[in-house]
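Q: One predicted model, sequence on top.
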Amino acid sequence: MSSAQSLKNKLKALQCHFTWDLNPRKPRLITLQKILKDISTEEGNFWLGPIYNLQGFIQNQLGSPEEALSSFNQATETFQQQKHADEGPWLMVNFGNLAWLHHLMGEDEKSQDYLSKVDALQKKKEELHPEVCAEKAWTLMKFDKEKKQQAAELFQRAIQMQPDVVEWQSSYAILRAEAFKDNMENMESQVFKILRSAKERDPGNLYVAALYLEARAAKGELIQGEVEMLAKKVLKAAVSAYSGLSLLLRLYRNHKSKDDAVKLAKEALETHPDSRYLKRSVAICLSKKVLSPEYNPESLAIQDVIDLWEEVKEAYHGSSTREDLTLAGLYAKIDIGKADRTVSYGPGQLVSQCKFSQEEAWVKESRRAAGPTVGGGSSTESGLRALQCHFTWDLEASRQSLIYLRYGLKDVGTDEGNFWLGPIYNLQGFIQNQLGSPEEALSSFNQATETFQRQKHADESPWLMVNFGNLAWLHHLMGEDEKSQDYLSKVDALQKKKEELHPEVCAEKAWTLMKFDKEKKQQAAELFQRAIQMQPDVVEWQSSCAILRAQTLEAEIKKLYADRLEELRSAKERDPENLCVAALYLGAQAAAIKQEARELAERVLESPMNNFSGINPLLTLFKKHISADEAVEIVKEALRRNPDSRYTKRSAAKWYTKKIFSERSNPDSTRIDRAISLWEEVIAAYPQSSLKEKIYLADVYAKKDKDKADQIYKELLDQRDLDPAERQMLFCRYAKHLYFSNNEKSSSIEFHLEAAKIPEESKYRRNSIRELEKTLERNEDTEMCEKIKEFFTTLNVQPSEPSQE
């Protein structure tokens with residue numbers, strides 16, 4: 001074998017960047033080069049040596065071997081300085097890179113020198129050194145998303161051989177946790193434990209700290225105070241891609257408010273005005289604010305955000321397609337022509353083979369707002385606006401409400417026999433898209449299609465009009481206008497009478513409004529009636545209409561009007577298998593029904609537990625007309641038969657709580673403990689929709705541990721991401737807690753006043769206003785009474801006349 005061939009064989013046997021199969025295209029190399037410049041290169045950075053190694057490899061791949069040599073030499077010096085030794089296993093990758101580079105530069109003698117150095121360091125040739133495993137893992141983690149599993153395995157291998165290197169454990173935790181960055185609530189418990197352990201072992205790692213807080217927030221924990229403390233640390237630290245700032249801004253956006261995120265971004269930019277990484281992070285944050293539906297031009301000027309993006313492009317000597325799309329979305333707010341010039345983006349076309357993104361949707365939405373476009377896009381868009389589907393039904397809700405609805409849909413039975421399974425998938429898909437998951441939405445809409453076809457034994461029918469409309473909209477938003485047009489044509493073929501809604505469309509719109517918006521239940525009832533008039537033989541429509549109408553009178557179920565009672569009776573006879581209707585009808589009759597109620601209870605307990613199993617109307621029936629104790633026994637039996645059902649746990653927790661608060665004397669401590677345990681399990685199962693549940697938990701704790709109850713309420717009051725209706729409910733309930741549990745009358749009235757000030761019409765506001773009126777009647781606190789009168793004056797509400805007694 002020639003000496004040249006022998007050298008090549010030795011080089012191929014090395015463990016270094018040149019042998020790790022790192023082969024991306026040139027654009028990816030350029031992007032990586034920019035990213036590496038944003039990772040802190042300060043002396044204390046544990047990964048500084050690997051950064052210089054990867055930087056050198058990229059420079060050589062981009063045709064700059066002299067720059068690569070300089071970077072590899074910087075890596076050598078960095079390792080020697082950090083390890084206080086001229087040679088050690090940590091240099092094996094670096095010496096391997098230098099051996100390869102000198103060979104490629106025609107300097108085989110120098111290449112051989114480095115091969116000899118590697119050989120001297122490699123004691124066990126059959127096994128990778130932990131330092132090599134760790135650097136390879138870190139490199140794959142940065143270089144190739146497709147190789148993250150291999151990177152994780154290499155980190156584990158390094159940690160097993162050398163478990164005391166906390167930086168390896170932190171990077172491994174980051175790698176595992178970031179796999180869930182788009183759905184933190186689904187993070188596996190094992191990954192959460194790894195992240196928590198890394199945070200405890202490496203408390204100075206602010207990126208790990210931010211990632212851990214985000215994971216906890218996704219589980220429903222209250223983290224506002226900790227987020228603000230972390231923000232102070234991050235702002236003091238040097239800004240880099242792993243300083244935790246980008247994660248912190250995301251935490252503020254998702255768990256405090258977009259306005260708070262903007263304030264933090266501006267403060268960070270004032271503290272570090274020359275950091276290009278910070279400018280980019282702030283530009284992203286401000287763009288999300290400007291391009292959100294709740295944007296207020298007075299709070300943030302679009303031109304300022306555009307100017308910041310232009311600075312970012314200049315600092316990075318160019319921009320990515322995603323950044324161009326974001327900039328185009330901003331320009332589209334003030335100059336649609338400039339938006340079109342920013343990216344090569346014609347009507348109905350994808351952007352240079354770019355995948356669908358939220359940024360692309362922003363550009364399209366702004367173009368739609370600016371008016372019809374020229375060419376094929378305009379007919380597609382006018383056709384979309386004319387559809388009857390979730391995207392045109394004015395379904396508006398806060399992100400928190402959407403998350404709550406998403407959890408609620410999981411509790412509606414999805415077994416094959418469920419008549420409403422197709423509409424469930426349609427609504428689920430719409431919510432997923434609104435929450436930024438178009439691919440999940442597409443899957444749900446396709447499930448809806450399959451369900452309708454299977455249930456109706458036909459490939460196409462009016463049942464599919466809403467579903468096809470949703471698919472037309474979604475494909476349009478994903479930039480796939482050809483597919484969108486296909487679904488528009490399918491809807492057109494199904495729509496025989498274009499001036500009139502099909503009964504199937506009426507019914508699904510009614511069902512959706514019934515689920516989506518309590519304020520639209522009257523409209524839902526009218527749509528159900530319209531559908532039933534056109535097609536009176538669909539018993540499920542009649543049952544749902546009857547449930548909807550009866551639910552509006554649950555507080556006065558004994559006084560159901562004769563026509564409503566007849567409506568329930570008729571629905572029950574037509575649809576004898578609908579247990580929810582059966583339970584409501586029995587409640588309305590309220591006479592000589594004990595035996596029938598107990599038989600119904602057995603049937604309900606035998607059925608799967610979900611929103612429409614009838615368990616809650618049944619418990620109401622037992623509590624009001626038979627026995628509250630029997631209701632609790634039904635709850636216990638339901639739990640025994642369905643120990644893992646979160647819906648059953650929630651129902652049980654509510655009924656234990658009602659029983660506790662209905663007892664005039666000291667309630668049973670065992671029952672209190674059981675209620676607390678159930679509420680805590682429910683909150684863990686519904687992490688992002690647990691405000692009401694946490695209030696229930698606090699109220700139950702107040703019967704046993706007032707300090708704990710106060711602590712829960714304090715954490716809830718510190719929460720910054722509540723919408724007005726949620727704040728109003730919290731203030732009203734806290735006011736009651738202060739009055740009944742803490743005997744703090746004055747503070748209680750203050751919170752009732754705060755609740756009443758929020759202009760959301762609800763039972764909580766009405767309740768707080770009644771309490772304010774009672775305060776005026778008692779007239780015990782002159783100053784407080786003046787405040788209340790002033791409030792009533794601004795509200796144009798006439799308080800009740802004071803009692804003359």
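A: Looks like it arrived, so ask away.

Q: just checking, Ile159 touches Tyr172?
A: Yes. Between Ile159 and Tyr172 there is a contact under Cβ atoms under 8 Å: 6.5 Å. C-beta here means a position set from N, CA and C on the backbone, and glycine is covered the same way.

Q: Have a look at these two and say which one is more surrounded.
A: Tyr172 (24 against 20; other Cβ atoms under 10 Å).

Q: In which helix or strand does the more buried one reside?
A: helix 166-177 (DSSP states H and E).

Q: Which residues does that helix contact?
A: For helix 166-177, contacts defined as Cβ atoms under 8 Å, 6 or more residues apart in numbering pick out 46-47, 134, 137-138, 141, 148, 151-152, 155-156, 158-159, 162-163, 187, 191, 194-195, 197-199, 201-202, 205, 207-208, 211, 215.

Q: Would you list the buried entries among the residues you listed?
A: With burial judged by 16 or more other Cβ atoms under 10 Å, the buried subset of the contacts of helix 166-177 is 46-47, 134, 137-138, 141, 148, 151-152, 155, 158-159, 187, 191, 194-195, 198-199, 201-202, 205, 207-208, 211, 215.

Q: Point to the helix or strand of the protein where mean pLDDT is at its lowest.
A: Ranked by mean pLDDT, DSSP states H and E, the weakest helix or strand in the chain is helix 358-370, scoring a mean of 47.

Q: Give me the neighbour count for Phe79.
A: Neighbours around Phe79, by other Cβ under 10 Å: 24.

Q: Does it touch Leu91 like I think?
A: Yes. Under the criterion of Cβ under 8 Å, Phe79 makes contact with Leu91 at 5.4 Å.

Q: So which of the buried ones among the contacts of helix 166-177 sit within helices?
A: The helices, defined by DSSP state H, take in 134, 137-138, 141, 148, 151-152, 155, 158-159, 191, 194-195, 198-199, 201, 207-208, 211, 215 from the buried ones among the contacts of helix 166-177.

Q: Pull out the buried positions in stretch 390-401.
A: 390-391, 393, 395, 400-401.

Q: In terms of helix, strand or coil, where does Asp164 fall?
A: Local secondary structure at Asp164 is given as coil here, using DSSP: H, G, I helix; E, B strand; the rest coil.

Q: My error: substitute Gly63 in the last question.
A: Under the three-state scheme (three-state DSSP), Gly63 adopts coil.

Q: ok, it - how many residues close by?
A: 9.

Q: and the gap between it and Leu29?
A: Look at Gly63 and Leu29: by Cβ to Cβ, to the nearest Å, they are 10 Å apart.

Q: Please apply the same query to Asn470.
A: From Asn470 to Leu29 the distance is 41 Å (Cβ to Cβ).

Q: between these two, which one's more packed in?
A: Remark: of Asn470 and Leu29, Asn470 carries more neighbours, 28 against 17, as counted by other Cβ under 10 Å.

Q: Heading C-terminal from the helix or strand where the more buried one lies, find the next helix or strand.
A: If you go by DSSP H and E, Asn470 is part of helix 465-477. Later in the chain than helix 465-477, the nearest helix or strand by DSSP H and E is helix 481-494.

Q: Thought Trp420 was touching Leu427, still the case?
A: No. Applying Cβ under 8 Å as the test, Leu427 and Trp420 come out as separate, 9.5 Å apart.

Q: Those two: who's more crowded?
A: Leu427 (27 against 20).

Q: about what we covered before: for the helix holding Asn470, packing partners?
A: helix 358-370, helix 376-385, helix 421-434, helix 438-456, helix 481-494, helix 503-516 (3 or more Cβ pairs under 8 Å, 6 or more residues apart in numbering; DSSP states H and E).

Q: With distance to Glu754 as added columns, please give these in CSV.
A: Formatted as CSV, the helices and strands packed on helix 465-477 follow (distance: least, Cβ to Cβ, whole Å):
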stretch, distance to Glu754
helix 358-370, 35
helix 376-385, 41
helix 421-434, 30
helix 438-456, 38
helix 481-494, 47
helix 503-516, 28
